[in-house]
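> Pasting the sequence and the predicted coordinates here, then a few questions.
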Amino acid sequence: MPRIALLQMTSGIEPQSNADMIVSGIVSAAAGGAKMLFTPEMSGLLDQDRQRAARSIFLPQEDPVLHATRRAARQAGIWVALGSLAVASAEGRRANRTFVIDPEGEIVCTYDKIHMFDVALGQGDDWRESAAYAPGDRVVTLRTPIGLLGLSICYDIRFPALYDALGRAGCDAIAIPAAFTVPTGRDHWHVLQRARAIENSAFVISAAQVGEHEDGRHTYGHSLVIDPWGRVLLDMGGTDAGIGYAEIDLTLVEEIRRKLPSLANRRDLAN
């Protein structure tokens, strides 16, 4: 039964400080017996001042956080799902990109966030991610120590069609790294996470940002692991950064899909 680790972070505006936290998390996760570590959305940089942030956003091959993570993964011999980094692209707009790194330090998979966080929550909580970031257009899965893993990021969670595609692909687990706002997190986070697990009979693994950040924003935290029945295996709370662990029993996926075969029973409905 593979063990995983989640790194709950309070990322700041300096990539090197964030890289140091990730490297420390990798060392701790490996020492704690984890086969794979998951980190939050925007692990390498969380800065809503886009002019200031531009100085710390790099092409992937030049990104210091990605470089440090790959080196640490290789040294520790552990898989890392680097929840996301803000990376530059040749086309001009940035990408909000997940990197999955194997124990050799190789990037084996990437995923670009499909759904952009363009919302007007009021009271200063208005965001337009698409002004700086280009959306992805691919559904991504890969084989890992915890079976077939589907990738998504934060706001994606509100769009069931993506998770329907991941369920149809037979994913055993789905990653949803996040930097959820406090108002939306308080009312929607746990409900949406459990729904995505239940409807796909899959584990949901969601490493999250938490607390008050250097750029002035607050994030909800509550990094979660949900089992395929919708039960919460790990909830890291909404106050502190740190590392947490959970066991992933893949036989539970098989058992639940046999007893309650909702994936097999799905029907395509005409418009």
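Looks like it came in fine.
> ok, S84 - contacts?
40-43, 96-98, 113, 153-154, 177 (Cβ atoms under 8 Å, 6 or more residues apart in numbering). For every residue, glycine as well, the C-beta is placed using N, CA and C.
> again, but for P64
Contacts of P64 (Cβ under 8 Å, 6+ apart): 15-16, 19, 58.
> Can you tell me the centre-most residue of the protein?
Residue closest to the average C-alpha location in the chain (Cα atoms, centre = their mean): P177, at 1.9 Å.
> list the contacts for that residue?
Contacts of P177 by Cβ under 8 Å, 6+ apart are 38-41, 43, 81, 83-84, 98, 153-154, 206-208.
> Could you measure from it over to L252?
P177 is 22 Å from L252, where distance means Cβ to Cβ, to the nearest Å.
> same check, this time on A34
From A34 to L252 the distance is 18 Å (Cβ to Cβ).
> More neighbours: those two, which one.
Neighbour count, other Cβ atoms under 10 Å: between A34 and L252, A34 has more, with 24 against 18.
> mind listing the helices in the stretch 51-200 of the chain by residue range?
Taking DSSP state H, counting those that start in this stretch, the helices of the stretch 51-200 of the chain run over residues 64-76, 160-168, 182-184, 190-200.
> Any chance of TSV for these, columns mean pLDDT and distance to A29?
Converted to TSV, the helices of the stretch 51-200 of the chain look like this (pLDDT from 0 to 100; distance: least, Cβ to Cβ, whole Å):
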stretch	mean pLDDT	distance to A29
helix 64-76	98	8
helix 160-168	96	24
helix 182-184	94	27
helix 190-200	98	21
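> Now render these as a markdown table, adding distance to P228.
A markdown table is the format used below for the helices of the stretch 51-200 of the chain (distance: least, Cβ to Cβ, whole Å):
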| stretch | distance to P228 |
| --- | --- |
| helix 64-76 | 27 |
| helix 160-168 | 11 |
| helix 182-184 | 25 |
| helix 190-200 | 6 |
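> between the ones you listed, which one is nearest to R52?
Across those, R52 has its closest neighbour in helix 64-76 (16.6 Å, Cβ to Cβ).
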